[in-house]
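Asks: Quick one, fold the following:
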Amino acid sequence: MRYIVCERPGKFLLKEKEAPVRKNNEALLQVNKVGVCGTDLHAYAGNQAFFEYPKILGHELATEVIAIGKNSKGIRNGDRVVVMPYVNCGLCFACTNSKTNCCENISVIGVHGDGGMQEQISIPDKLLLPANNLTDDQIAIVEPLAIGAHAIRRANLMAGETVAVVGCGPIGIGIMKLAQIAGAKVIAIDTNEQRLKFAKDKIGIDSVVKAGENAVLKVTDITKGNLCAAVFDASGNKFALETGPDYMSHGGRFVLVGLSKGELTYTHPEIHAKEMTLMCSRNATTEDFEYVIQILDQFPTDLYITHRVSFLDMIDHFDSWLEPTTGVMKAVVNFR
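Replies: A predicted model of the protein is given here:
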């Protein structure tokens, strides 16, 4: 069985090994496609925190069941399935309060353990959701969209609200489109004009604003002085995270989806005057995955996936995906 391993920062190798053997309560899966996410790019570049090498990357998986035992979801051999890559302990305070996404002992496939950049993988069957109604392309993007769905659910987004999303990367674009599907009007904010154009022309986002000194004025004009009921940061940029409340209306919500290292600073009188609700959004739960599966027919999958490559050619293309000028939004590696 062939697999691709990140031996060290900047170094992939295509290797062979024995196929995995399915254990009790596991499913043996054929990997059809793997989406490449920011975590994979950071790991390859050597700037993913607490990451150990060598590691098989990949947690956005489109898979098909080779072998599975009796299970509560009725999944059978030959079924296409979504993989929820977050392995939770089920015992900690978060898990026992239905917050498995922030399990105290969480392990993520492709981050803490080996992932799906291999022809077959065996994982706990509790992490699977049936998806015979979806294409492999759709299945491969369920996980990043579930992160966006969780952020929207955290914000308690209401139809008719106007929201701003800072950061037009794969997670940000997902939040934007899911917010529109939920009935909101969306303003995309980014420093990259190419990505703003993608958001407007390809994804159909209502308004776009280039980040900078005039951005708040432009958002004010778009919203007729009301600003935004909710602001989502999907950039992880320290400056963006600290200035996000400027786009937010009084009584609004600020949702931190992107992650920045170090401290963030806010002026207390300003956020107090707005009675700002500040919340973080981490990973996703089963509920979020199930929601995305239900609404994927409304999402522009073919436009969201901008780059496709065979796994045999992935190593030669991966470096280019680190460059914003290549226009990568979501790259997918085909194993079949």
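Asks: Can you give me the neighbour number for the nearest residue to residue 132 once chain neighbours are set aside?
Replies: Spatial nearest neighbour of residue 132, chain neighbours left out: residue 80 (5.3 Å); criterion: Cβ to Cβ, 6 or more residues apart in numbering. Using the backbone N, CA and C atoms, a C-beta is placed for each residue, glycine as well. Neighbours of residue 80 under the rule other Cβ atoms under 10 Å: 21.
Asks: I'd guessed residue 80 sits against residue 63; true?
Replies: Yes: Residue 80 lies in contact with residue 63 (Cβ atoms under 8 Å); the separation is 7.3 Å.
Asks: Overlap in contacts, these two.
Replies: Residues touching both residue 80 and residue 63 (Cβ atoms under 8 Å, 6 or more residues apart in numbering) are 32, 139.
Asks: what comes up buried for stretch 149-159?
Replies: Under the neighbour-count criterion of 16 or more other Cβ atoms under 10 Å, stretch 149-159 has 149, 150, 151, 152, 153, 154, 155, 157 buried.
Asks: Then stretch 89-101?
Replies: Across stretch 89-101, burial judged by 16+ other Cβ under 10 Å covers 92, 94, 95, 99, 100, 101.
Asks: Could you count how many residues lie near the closest residue to the second one other than its chain neighbours?
Replies: Just to be clear, that refers to residue 94. Closest residue in space to residue 94, ignoring its immediate chain neighbours: residue 102 at 5.0 Å, by Cβ to Cβ, 6+ apart. When neighbours are counted by other Cβ under 10 Å, residue 102 registers 18.
Asks: quick one on the thing from earlier: of the buried residues of stretch 149-159, which is the nearest to residue 304?
Replies: Proximity of the buried residues of stretch 149-159 to residue 304 (Cβ to Cβ) peaks at residue 149, which lies at 14.4 Å.
Asks: For the closest one, give me its contacts.
Replies: Listed by Cβ under 8 Å, 6+ apart, the contact set of residue 149 reads 178, 284, 288, 291, 292.
Asks: How far does stretch 256-263 sit from its chain's centre?
Replies: Relative to its chain's centre, stretch 256-263 lies at 15 Å (Cα atoms, centre = their mean, to the nearest Å).
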